[in-house]
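K.L.:
Structure for the following, please:
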Amino acid sequence: MKKILVAALLASSVGALFAQEEEVPEEINKLPDPTCVQVSLASPLHLPSKYREVTAFRWNIFYGRSLAVTGFDLGLVNLTAESGNMVGLELGLYNYVDGAMEGVQLGLFGNYAYKNSYGVQLSTIMNWNVSMFTGAQASLFNYDSELDGAQLGFLNWCYGAVEGAQFGIVNVARNDFTGFALGAINYCEGGLHGAQVGLLNMISGSSYGFQLGLLNAAEEHTGVQIGLLNLNTAALMPILPLVNASFR
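P.N.:
Here you go, the predicted structure:
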């Protein structure tokens with residue numbers, strides 16, 4: 001798991017380095033209207049200027065940068081900077097959106113979005129959303145500030161609330177979870193309304209629903225636990241083998 005986290009952090013750091021280029025000049029408001037097509041060899045070698053919005057197709061041969069993209073974004077490293085949005089399909093080794101993503105990101109090494117985003121993210125190493133993500137993600141490591149949808153990966157981590165599903169080896173929700181978690185280890189730090197199925201299931205807040213696993217542990221749980229050992233501080237018997245239940 002350490003290797004996955006290190007790889008994810010490296011990918012995110014590389015994207016941040018690309019994003020920390022020179023500031024947009026004050027005269028940006030004087031630049032021409034958006035362009036339909038942009039071709040980039042490596043920033044700042046763009047045709048036309050990188051201080052443009054692309055409305056149809058952007059081809060980044062190595063590394064490209066523009067203010068916003070609507071349409072098809074293709075390249076090795078695709079960067080939409082200065083809080084610009086990407087709407088459409090993005091295909092590359094690494095996709096970095098400094099604004100919102102609405103559509104599909106396919107990144108071999110990683111996908112990143114800063115603002116509330118909607119759609120699908122697929123990657124081999126990581127998908128990272130600083131704000132809320134609505135849709136579906138698949139990667140070794142998936143991170144969201146908030147999630148309304150589904151995560152599929154080795155490690156799924158949501159810092160805020162989850163409404164949907166997590167499928168992975170390790171699933172972590174640092175806030176309330178509403179939905180279904182399937183994994184070897186499922187952990188919910190807030191309240192749960194739904195079900196956890198895994199080897200080790202843990203809930204630290206008030207919960208309502210169902211746990212199935214070898215070890216189930218919950219605080220103030222209303223519902224049924226089935227496992228080798230079941231811990232529920234709200235039950236008449238806080239610790240029981242096989243089955244434990246509490247209905248308040």
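K.L.:
Which other helices and strands does the lengthiest strand in the chain contact?
P.N.:
The strand that spans the most residues within the chain, counting by DSSP state E, is strand 141-158. Identification of packing neighbours for strand 141-158 by 3 or more C-beta pairs under 8 Å, 6 or more residues apart in numbering; DSSP states H and E yields helix 2-19, strand 126-138, strand 162-173. No exception for glycine: its C-beta is placed from N, CA and C like everyone else's.
K.L.:
Quick check: buried residues in stretch 158-170?
P.N.:
Within stretch 158-170, the residues that qualify as buried are 158-159, 161-166, 168-170, counting by 16 or more other C-beta atoms under 10 Å.
K.L.:
Then stretch 240-248?
P.N.:
Buried residues in stretch 240-248 (16+ other C-beta under 10 Å): 240, 244-246.
K.L.:
Tell me the helix or strand right after the helix or strand bottoming out on mean pLDDT in the chain.
P.N.:
None of the helices or strands of the chain scores lower by mean pLDDT, DSSP states H and E than helix 2-19, at a mean of 51. Note on helix 2-19: by DSSP states H and E, the next helix or strand toward the C-terminus is strand 35-42.
K.L.:
Could I get the buried residue list for that next one?
P.N.:
Here strand 35-42 shows 35, 38, 40 as buried, counting by 16+ other C-beta under 10 Å.
K.L.:
Stretch 199-218 now?
P.N.:
Buried positions in stretch 199-218, judged by neighbour count with 16+ other C-beta under 10 Å: 200-207, 209-211, 213, 215-218.
K.L.:
count of neighbours near the residue lying closest to Leu152 once chain neighbours are set aside?
P.N.:
Spatially, and ignoring its direct neighbours in sequence, Leu152 is nearest to Ala138 (4.3 Å; C-beta to C-beta, 6 or more residues apart in numbering). Close neighbours of Ala138, defined as other C-beta atoms under 10 Å, add up to 17.
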